[in-house]
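Q: mind looking at a prediction? Sequence and model below.
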Amino acid sequence: MKVGFVGLGIMGRPMALNILKGGFDLTVWARRAESMAPLLEAGAKGAGSAAEVAAACDVVFSMVSDAADVEQVALGVGGVAEGAKPGLIFVDMSTIAPAAAQVIAAQMAERGLAMLDAPVSGGEVGAISGGLTIMVGGDAAAFDKVQPVLACMGKSVTLIGGSGAGQVTKACNQILTGVGVMAVAEALNFARKSGVDAGRVREALLGGFAYSRILENHGQRMLDRNFKPGFKAWMHQKDMNIVLQEAHRLGLMLPTSAASAQLFNAMVGSGLGEEDSVAALKLLEGLSGD
Amino acid sequence: MGLPMARHLMAAGHTLAVWARRPESAAALLAEGAAWCATPAELAAQCEVVISIITASADVEQLAAGLIEGFAPGAVHVDMSTIAPATARRLAARYAEKGVGWLDAPVSGGEQGARDATLAIMAGGDAAVLERVRPLFECLGKTVVHIGAAGAGQVAKACNQMVMVNAIQASAEAMRLAGAHGLDLARVREALLGGSAASRVLDVMGGRMARRDFVPGIQARLHHKDFAILMDEARQLGAPLPVAAQTWQQLNALMATGGARDDTASLLRMLETMEPREKKPC
């Protein structure tokens, strides 16, 4: 199986490298030539456009910023659809709105091309280690074909349902992590403001029902005052926006997500957007008179 | 909104030409002496000033795409719809390239205000253009405020919608609290209107809630639409709006539970839906 990869940023580059390590024949393209260099050195072939990647491949993965980029890569001038042979499978691993993923998949289907939405969780660390969680929506037969490639990038790969189901799952993931990071920041700030050692509070809670990976990992980073990204606050704000736009469209009440999205707004507005989401602690400290 | 506003302009002696997507909605005005134009471009070609008041950003963009074909340099498009500030700014720039003036001039005051010519008009755009069309605005409203450059009128309208719907939600919560205690809502409202919690929203919407009159008025789905615009703008600016965010979620739920075409006073029913048990008075 010949594999293509489009979009070689912080996430895409290590993911593509893991596909190479898995022994697949890989062709890559990125808007900026310098993003392609590390892949070419490692043995990937370079292409001049997403269409050229598609012409050379049976399956093409993409990892880009937003729905407009995905649409461009899939359907735009020089895009995957332009160069694809019939039967090509396009796997988009970006985080975009479920509705947008469904629209793009439908347009690909009109051209006889299968599309899977396969967003990931696990961040840069997971991308490098090949330990991502991958949540897939789309056709089961297409999923079976690409699963060996997905297995190079993620340790937990799940077909959730039809087109868009992967993005719905990712939105659920962002609700839990977006609200969760705020809850941990509030709890640790509450402990500190009450004059109690926040580190001991975290340690005690990890043994009980409030245990979560967010309390464990993000909580530790808050205690270490390590606000380096990781996952930047503005990116989490963007993902919460996808969640709230979907809620608006569906007529869905998400009061807690809405509250945490406002805290992300405040982080971006107060200059914390480029820091990790755990910098929510700094925002709350500032609002507690510190 | 558009029909009574157009009538006021004719009553003041202005020559009026009209276009509407559904020609039958213009029938009354044609009978009263307005001229019909077959397309927006034709309307633009015949007029010094074209006023529009329609539903959504996309509608205004589509209309403008037609008008710009017909406008002569120096003409003005005054859009009184409620749309995204970014759309208003984009259209202003597009018109400026052709020497056509633009004002975003959304209104507050509703159907009643339109009929009584008592609308509050908040204008964004060039001050000189506003001065040219001010005589027209004075036929439609009692307060005309120049807020700032193109898009500023829409920002003011977004603020208006946020204050108003948050106040409707606050009124609904007050009415729900009083109702949960088994009290007479009309009396609670009456008492509050005499004190520092008095507001036009409590007066009008609290009255609707007390009478359980949920016939629109303004349909809740329109306020829901406005909230998507203003919350998206706030996100782009990094401005936290915690209370508005909660009101938005109540509106979302109202859409899903059959309240979309009811008056926004139905936010009271949303609270009742959240807590359906019978409450004993204390």
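A: Good, I have the coordinates.

Q: for A:Lys45, which non-adjacent residue is closest in space?
A: Once flanking residues are discounted, A:Lys45 sits nearest to A:Thr27: 4.5 Å by C-beta to C-beta, 6 or more residues apart in numbering or on different chains. C-betas here are computed from N, CA, C, even on glycine.

Q: got a list of what the one you found touches?
A: A:Lys2, A:Val3, A:Gly4, A:Phe5, A:Ala44, A:Lys45, A:Gly46, A:Ala47, A:Glu52, A:Val53, A:Ala56, A:Cys57 (C-beta atoms under 8 Å, 6 or more residues apart in numbering or on different chains).

Q: distance-wise, check the residue of chain A most remote from its centre relative to chain B.
A: What lies farthest from the middle of chain A is A:Gly195; by C-alpha atoms, centre = their mean that is 37.2 Å. Using C-beta to the nearest C-beta, to the nearest Å, A:Gly195 is found at 27 Å from chain B.

Q: in three-state terms, label that residue for me.
A: Secondary structure of A:Gly195, reduced to three states by DSSP: H, G, I helix; E, B strand; the rest coil: coil.

Q: now do the contacts for it.
A: Contacts of A:Gly195 (C-beta under 8 Å, 6+ apart): none.

Q: picking up where we left off before, wait, is the residue nearest to A:Lys45 part of a strand?
A: Yes: counting by three-state DSSP, A:Thr27 is located in a strand.

Q: quick check: the gap between it and A:Ala16.
A: Per C-beta to C-beta, to the nearest Å, A:Thr27 is found 10 Å from A:Ala16.

Q: please apply the same query to A:Ala106.
A: A:Ala106 sits 27 Å away from A:Ala16, going by C-beta to C-beta.

Q: for B:Gly141, same thing?
A: B:Gly141 sits 60 Å away from A:Ala16, going by C-beta to C-beta.

Q: looking at those two, which is more packed in?
A: A:Ala16 (31 against 24; other C-beta atoms under 10 Å in any protein chain shown).

Q: show me where the chain has its strands.
A: Since no chain was named, I'll use chain A. Ranges of strands in chain A, per DSSP state E, are A:2-6, A:25-29, A:45-46, A:59-62, A:89-92, A:114-117, A:120-121, A:132-137, A:154-161.

Q: other chain: chain B
A: Counting by DSSP E, the strands of chain B are B:17-18, B:35-36, B:49-52, B:76-79, B:101-104, B:107-108, B:119-125, B:141-148.

Q: indicate which one of those is closest to B:Gln169.
A: Between B:Gln169 and the strands of chain B, the shortest gap by C-beta to C-beta is with strand B:107-108, which sits at 17.7 Å.

Q: could you report the neighbour count for residue 204?
A: The chain I'm using is chain A. Residues within reach of A:Ala204, counting by other C-beta under 10 Å, total 10.

Q: to clarify, I was referring to chain B.
A: B:Val204: 16 neighbours (other C-beta under 10 Å).

Q: contacts only, for it.
A: Shown in contact with B:Val204 (C-beta under 8 Å, 6+ apart): no residues.

Q: please apply the same query to the one 5 residues further on.
A: Neighbour list for B:Met209: B:Ser171, B:Ala172, B:Met175, B:Leu185, B:Arg189, B:Ala265, B:Leu268 [criterion: C-beta under 8 Å, 6+ apart].

Q: who in the stretch 101-250 of chain A is up against chain B?
A: Selection of the stretch 101-250 of chain A residues close to chain B by C-beta under 8 Å from any C-beta of the partner chain yields A:Gln237, A:Asn241, A:Leu244, A:Gln245, A:Ala247, A:His248, A:Leu250.

Q: which ChimeraX command selects the buried ones in those?
A: Buried residues among these (16 or more other C-beta atoms under 10 Å in any protein chain shown), as a ChimeraX selection:
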select /A:237,241,244,245,247,248
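
Q: confidence score at residue 213?
A: Let's take chain A. pLDDT for A:Arg213: 91.

Q: um, chain B though
A: Looking at B:Asp213, its pLDDT reads 97.

Q: ok, the one 10 residues further on next?
A: Looking at B:His223, its pLDDT is 95.

Q: can you give me the distance of it to B:Leu67?
A: Using C-beta to C-beta, one gets 28 Å for the distance from B:His223 to B:Leu67.

Q: higher neighbour count, those two?
A: Higher neighbour count among B:His223 and B:Leu67: B:Leu67, with 27 against 22, using other C-beta under 10 Å.

Q: burial of the closest residue to that one other than its chain neighbours, as a residue count?
A: In this structure, B:Leu67 finds its nearest non-sequential neighbour in B:Ala44, 4.2 Å apart by C-beta to C-beta, 6+ apart. Burial measure for B:Ala44: 24 neighbouring residues, criterion other C-beta under 10 Å.

Q: who touches B:Ala44 in this structure?
A: By C-beta under 8 Å, 6+ apart, the contact list for B:Ala44 reads B:Val50, B:Gly66, B:Leu67, B:Ile68, B:Glu69, B:Gly70, B:Phe71, B:Ala75, B:His77.

Q: what's whichever residue of the stretch 1-150 of chain A sits closest to chain B in contact with, if anything?
A: Residue of the stretch 1-150 of chain A nearest chain B, by C-beta to the nearest C-beta: A:Ala97 (12.9 Å). For A:Ala97, the contacting residues are A:Ala67, A:Gln167, A:Ile242, A:Gln245, A:Glu246, by C-beta under 8 Å, 6+ apart.

Q: surely the third one touches A:Ala101?
A: Okay, so that is A:Ile242. No: contact criterion C-beta atoms under 8 Å: A:Ile242 and A:Ala101 do not qualify, at 10.5 Å.

Q: those two: which is more packed in?
A: For A:Ile242 versus A:Ala101, the count of surrounding residues by other C-beta under 10 Å is larger for A:Ala101: 29 against 21.

Q: can you check the pLDDT for that one?
A: Per-residue pLDDT puts A:Ala101 at 97.

Q: now the residue lying closest to it once chain neighbours are set aside, which residues is it bridged with?
A: Nearest residue to A:Ala101 in three dimensions, chain neighbours excluded: A:Asp117, at 4.2 Å (C-beta to C-beta, 6+ apart). Note on A:Asp117: beta-bridge partners by DSSP bridges are A:Asp92, A:Gly137.

Q: can you give me the neighbour number for A:Asp117?
A: When neighbours are defined as other C-beta under 10 Å, A:Asp117 has 32 of them.

Q: still on that earlier bit, relative to B:Ile121, how far out is the residue nearest to B:Leu67?
A: In this view, B:Ala44 and B:Ile121 are 22 Å apart by C-beta to C-beta.

Q: A:Asn241 against B:Ala234, yeah?
A: No: counting by C-beta under 8 Å, A:Asn241 does not reach B:Ala234; the two are 10.5 Å apart.

Q: what count of nearby residues applies to B:Leu177?
A: Using other C-beta under 10 Å: B:Leu177 sits among 12 other residues.

Q: right, I mislabeled it, should have said A:Gly162
A: Counted with other C-beta under 10 Å, A:Gly162 comes out at 14.

Q: which residues does it contact?
A: Going by C-beta under 8 Å, 6+ apart, the list of residues near A:Gly162 reads A:Gly137, A:Gly138, A:Asp139.

Q: so how do I select the buried members of those residues in PyMOL?
A: Buried residues among the contacts of A:Gly162 (16+ other C-beta under 10 Å), as a PyMOL selection:
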select buried, chain A and resi 137+138+139
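
Q: so can I have JSON lines of the contacts of A:Gly162 showing pLDDT?
A: Below are these laid out as JSON lines (pLDDT from 0 to 100):
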{"residue": "A:Gly137", "pLDDT": "98"}
{"residue": "A:Gly138", "pLDDT": "98"}
{"residue": "A:Asp139", "pLDDT": "97"}
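
Q: name the residues of the stretch 101-250 of chain B found near chain A, please.
A: Counting by C-beta under 8 Å from any C-beta, the residues of the stretch 101-250 of chain B close to chain A are B:224, B:227-228, B:231-232, B:234-235, B:237-242, B:245-246, B:248-250.
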